[in-house]
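Trainee: just coords:
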């Protein structure tokens, strides 16, 4: 079941959260309580507030959304996205590819990297492209599916070299199972299976997350078929 708690004050939402936990008189203290957050600051604030309201507050897990879904996939036996597509690894792979690019497809990049004796511009460009591809995996999955079939989605000249660069990355890594593909498979698995309560948490609390990509919201919706999702917004 999916529960949405709305308020313009964090204190009100914390009161809702405390009440939900108080009403669960069958909670097993040896089973972790899971929270989805987006920052360490929110983790500290929640820990302090909950410790003030409970005689004993322990055995809880605060996780970023992607880490949480990777944990759930591991429990369900769904293959996670390849580490090679993580942002830091992409950066160095792109930097290496940029050293040898040529031709009209990459003319904008070649022009940008001209007269770069130290290689700093090339590295900074690789960082930015790694960030873009990291976001595309979650936010532009349909576009990346199209790229693998040689289809462009926009008239932006940047898409020409981005699509070719993504193709080169796939050839170097050897497969295209990035995070977006993994999350799509996880959603399919959650929607197809009937009883997963034995391997999934009883409850998940999403707190202080003000925005989520559509595919992660779809993951939460699919997960709510098997456990309670409390979204504090």
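Mentor: Sure thing, it's come through. Since the model is a prediction, treat every value here as computed from it, not as a measurement.

Trainee: How about the most centrally placed residue in the chain: what's its closest non-neighbour residue?
Mentor: The centroid of the chain falls nearest to residue 66 when counting by Cα atoms, centre = their mean (3.6 Å). Counting by Cβ to Cβ, 6 or more residues apart in numbering, residue 179 is the residue found nearest to residue 66 once chain neighbours are left out, at 7.0 Å. Yep, even glycine has a C-beta here, placed from its N, CA and C like the rest.

Trainee: What's the local residue count around the one you found?
Mentor: Using other Cβ atoms under 10 Å, residue 179 has 21 neighbouring residues.

Trainee: looking only at pLDDT, what's the mean for the helix or strand harbouring residue 22?
Mentor: Taking DSSP states H and E as the criterion, residue 22 maps to helix 10-23. Here helix 10-23 scores 93 as its mean pLDDT.

Trainee: ok, now stretch 82-96?
Mentor: 90.

Trainee: Now do the helices in this structure.
Mentor: 10-23, 40-53, 65-76, 87-98, 107-113, 120-139, 141-147, 157-173, 179-192, 214-223 (DSSP state H).

Trainee: how about those helices, which one is nearest residue 32?
Mentor: helix 65-76 (10.5 Å; Cβ to Cβ).

Trainee: buried ones in that closest one?
Mentor: 65, 66, 68, 69, 70, 72, 73 (16 or more other Cβ atoms under 10 Å).

Trainee: and the closest residue to residue 121 other than its chain neighbours, how many neighbours does it have?
Mentor: Excluding the flanking residues, the one nearest residue 121 by Cβ to Cβ, 6+ apart is residue 113, at 5.5 Å. Neighbours of residue 113 under the rule other Cβ under 10 Å: 17.

Trainee: One more: residue 3?
Mentor: Neighbours of residue 3 (other Cβ under 10 Å): 14.

Trainee: what's the spacing between the residue nearest to it when sequence neighbours are not counted and residue 19?
Mentor: Leaving aside its sequence neighbours, residue 3 sits nearest to residue 230 (Cβ to Cβ, 6+ apart; 4.8 Å). Distance, residue 230 to residue 19, using Cβ to Cβ, to the nearest Å: 11 Å.

Trainee: Check residue 231 too.
Mentor: For residue 231, the distance to residue 19 - Cβ to Cβ - is 15 Å.

Trainee: higher neighbour count, these two?
Mentor: When neighbours are counted by other Cβ under 10 Å, residue 231 and residue 19 differ, and residue 231 comes out ahead with 19 against 12.

Trainee: Fine, thanks again, bye for now.
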